[in-house]
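Student: Quick one, what's the 3D model for this:
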Amino acid sequence: MATATDAAIQAELPLVVAAEVPVGSVDEEFLRGLGDGPASIDWHGRWPEDPEAEGSPSDQYDGVQVVFHADEAQWTERTAHHTVFVHVRKPGAATRAAGLAALIGGEVQGDVQIGW
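Tutor: Prediction:
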């Protein structure tokens, strides 16, 4: 990749790269390489227990996704803005996602979408 031409790389798009890296170690290079194209960064984890929310935490489904230049989790159409998605397990997902967003002073906007 480091020596490939833009045309050679473009012929292989979209690329999917999965790597565990230390926080802050690739951010600037990722954004510089992204330019105005669509992409996402995902953080998988397990949300804390919340007895008032429906559903329960899930190692498989919980996490956060930042989608660049798109407003859909699957980034099918390019936009000029970026979107943050809170991923939760299905049963009671809307209630749980709203509670998680409220923890940071935010709110859920838009319809539920299929993630990962």
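Student: Quick check: residue 84 touching residue 66?
Tutor: Yes. Using Cβ atoms under 8 Å, residue 84 is in contact with residue 66, at 5.4 Å. The C-beta positions use only the backbone N, C-alpha and C, and glycine is treated the same way.
Student: by contact count, what packs against the helix or strand of the chain with the lowest mean pLDDT?
Tutor: Of all helical and strand segments in the chain, the minimum by mean pLDDT, DSSP states H and E falls on helix 93-103, at a mean of 79. Helix 93-103 sits against strand 83-87, with contacts defined as 3 or more Cβ pairs under 8 Å, 6 or more residues apart in numbering; DSSP states H and E.
Student: what residues does the strand it packs on touch?
Tutor: With contact meaning Cβ atoms under 8 Å, 6 or more residues apart in numbering, strand 83-87 is reached by 61-67, 70-73, 97, 100-101, 108, 113, 115-116.
Student: Quick check: phi and psi on the most centrally placed residue in the chain?
Tutor: By Cα atoms, centre = their mean, the chain has its centre lying nearest to residue 65, at 1.5 Å. Note on residue 65: its backbone torsions stand at phi -130, psi 130 [degrees, to the nearest 10].
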